[in-house]
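[1] how would this look folded up:
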Amino acid sequence: RWLFNQAVCTLYAFCGVLFGLCSLSSLTVLSTVCCLKVCYPAYGRCWDALPDLLLHPSLSCPAQVAPAVSQDSWPHPQRWSYGPEPYGTACCIAWNASSREATFYILALFIFCYLLPCLLILISYSLILWTVRVSRRAVRQH
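    All right, here's what the predicted structure looks like:
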């Protein structure tokens, strides 16, 4: 079971969401910058400052602040909040919240913080592979 109080649970879950979102956003930005540098080399240095801007952790804060300020119903959340996981040994987003707002939050978190970044990473690396393949064919012809 969770051995600490609600405040520690909230902090633990908040840090887990923060570091998870920062990690995925870092991978997304890196794949996008690599794609732009490999596939569109004419743009060159205009993309050099992009990682410094987009990797800032404050950009992922809106996705995790809402549950942190919605803790009035713990341990039985009806809105978006942080709480114990189903086995009770750690804390995370309360995935079992039953209200419409919680369902909308979880769906938005899945789409905008997981699905779209993963899709962007997949597209970026696919474009890089395609560009390398086309370049290799051009080199072989010469």
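
[2] can you tell me the element the residue positioned nearest the centre of the chain falls in?
    The C-alpha lying nearest the average C-alpha coordinate of the chain belongs to residue 21 (CA atoms, centre = their mean; 3.4 Å). For residue 21, the enclosing helix or strand under DSSP states H and E is helix 6-39.

[3] who are the packing partners of that helix?
    helix 50-54, helix 62-68, strand 82-84, strand 91-93, helix 116-141 (3 or more CB pairs under 8 Å, 6 or more residues apart in numbering; DSSP states H and E). Any C-beta I mention is one placed from the backbone N, CA and C, and that applies to glycine too.

[4] re earlier: where does the residue nearest to the centre of the chain land on pLDDT?
    pLDDT, residue 21: 87.

[5] repeat that for residue 81.
    With respect to pLDDT, residue 81 has a value of 76.

[6] I'd assumed residue 89 was in contact with residue 1.
    Yes: assessed by CB atoms under 8 Å, residue 1 is found in contact with residue 89 at 7.1 Å.

[7] more neighbours: which of these two?
    residue 89 (10 against 6; other CB atoms under 10 Å).

[8] tell me the secondary structure at that one.
    Secondary structure state of residue 89, per DSSP: H, G, I helix; E, B strand; the rest coil, is coil.
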